[in-house]
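# Build me a structure from this.
(2 chains)
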Amino acid sequence: MHANDVKMNLEEVIEDTRDFLSEEFEVDRDLILPENNLKDTLDLDSLDYVDLVVLIEENLNIKLTGEDFKEIQTFGDFYQLVRKKLSL
Amino acid sequence: MLVSKAALHLYIPHRPPFVMIDNLVSISPERFESDFFVNEENILVENGFFQESGLIENIAQTCAASFGFLDSEGGGPPKIGYIGAVSKLEVFELPAVNSVIRTVVTPMHQLGNIYLVKGESFLEGRILLGCEMKIVVTQ
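The predicted structure is shown next:
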């Protein structure tokens, strides 16, 4: 179910995001914390960002661009961007 | 056809014996299609069959040539593309020599200069190989 199908609150989006990111990138869910660096925690290289965009679109139904990622350092930054895109 | 074998060198850097497509049959931003005759002299033929590596390269060259064609249609020089990653690879059948294969590539996502595409090759309507590929295009 996409975040836009049924209006989810930010807490639900965050928990869902922790689930699908930990599963896809094989990272301990407990490391996906707002203060942690997204790139380092998920061990992303430039090609992995494409997988991340696909995952976000599939799970949250929002499209991110390369420009969007310039604003994102931490998971907290990412959640703020999601909040803005989903008008939460 | 849109681009014949004789004109392919305008859109991809590959040269014989490593050209693994013949003609670009149709191109739109949403879908690319090529054909390729498997010659018995092809360097990626083994024991009478075009190998998986050849089918993957065929998908990559279909993609690269089509991006190059679209670039040139837009008035710019064709950019060079490289295979960044291959995933979700499934091989169903290898084509024998003297077959003509058809390849369809569908761009799915773009992030900056990296494209995620889906590629499938077919022989007489039967799927031979399918995969997703990340293509990194020079800026």
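
# Quick one: residues contacting residue 72.
You didn't pick a chain, so chain A it is. When contacts are counted by CB atoms under 8 Å, 6 or more residues apart in numbering or on different chains, A:Ile72 touches A:Leu38, A:Phe78, A:Leu81. (Each C-beta comes from the backbone N, C-alpha and C, glycine too.)

# nope, chain B
By CB under 8 Å, 6+ apart, the neighbours of B:Ser72 are B:Leu10, B:Tyr11, B:Pro78.

# any idea which of the residues you listed has the most stuff around it?
Most neighbours among those, by other CB atoms under 10 Å in any protein chain shown: B:Tyr11, with 21 neighbours.

# Write out the residues of chain A neighbouring chain B.
When proximity is defined as CB under 8 Å from any CB of the partner chain, chain A approaches chain B at A:Ser46, A:Leu47, A:Tyr49, A:Val50, A:Val53, A:Val54, A:Glu57, A:Thr65, A:Gly66.

# ok, now with 7 Å
Selection of chain A residues close to chain B by CB under 7 Å from any CB of the partner chain yields A:Ser46, A:Leu47, A:Tyr49, A:Val50, A:Val53, A:Val54, A:Gly66.

# any idea how far the fourth one lies from B:His109?
The span separating A:Val50 from B:His109 equals 6 Å under the rule CB to CB, to the nearest Å.

# So if I had to pick from the two, which one is more boxed in?
Comparing A:Val50 with B:His109 by other CB under 10 Å, the one with more neighbours is A:Val50, at 22 against 16.

# show me the contacts for the more buried one.
Shown in contact with A:Val50 (CB atoms under 7 Å, 6 or more residues apart in numbering or on different chains): B:His109, B:Leu111, B:Ile114, B:Leu116, B:Lys134.

# average pLDDT for whichever strand or helix holds B:Phe122?
Using DSSP states H and E, B:Phe122 sits in strand B:114-123. Strand B:114-123 shows a mean pLDDT of 97 in the predicted model.

# How far off centre is whichever helix or strand comes after it?
Once the chain leaves strand B:114-123, the next helix or strand it forms, by DSSP H and E, is strand B:126-137. Distance, stretch centre to chain centre, for strand B:126-137: 8 Å (CA atoms, centre = their mean, to the nearest Å).

# CA atoms of the worst-scoring helix or strand of chain A on mean pLDDT as PDB?
None of the helices or strands of chain A scores lower by mean pLDDT, DSSP states H and E than helix A:66-70, at a mean of 90. The C-alpha trace of helix A:66-70 is given here as PDB (Å, rounded to 0.1, in the frame of the first residue of the first chain):
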ATOM      1  CA  GLY A  66      19.000  13.900  -8.300                       C
ATOM      2  CA  GLU A  67      18.300  17.500  -7.100                       C
ATOM      3  CA  ASP A  68      16.300  16.100  -4.200                       C
ATOM      4  CA  PHE A  69      19.300  14.100  -2.900                       C
ATOM      5  CA  LYS A  70      21.500  17.200  -2.800                       C
END
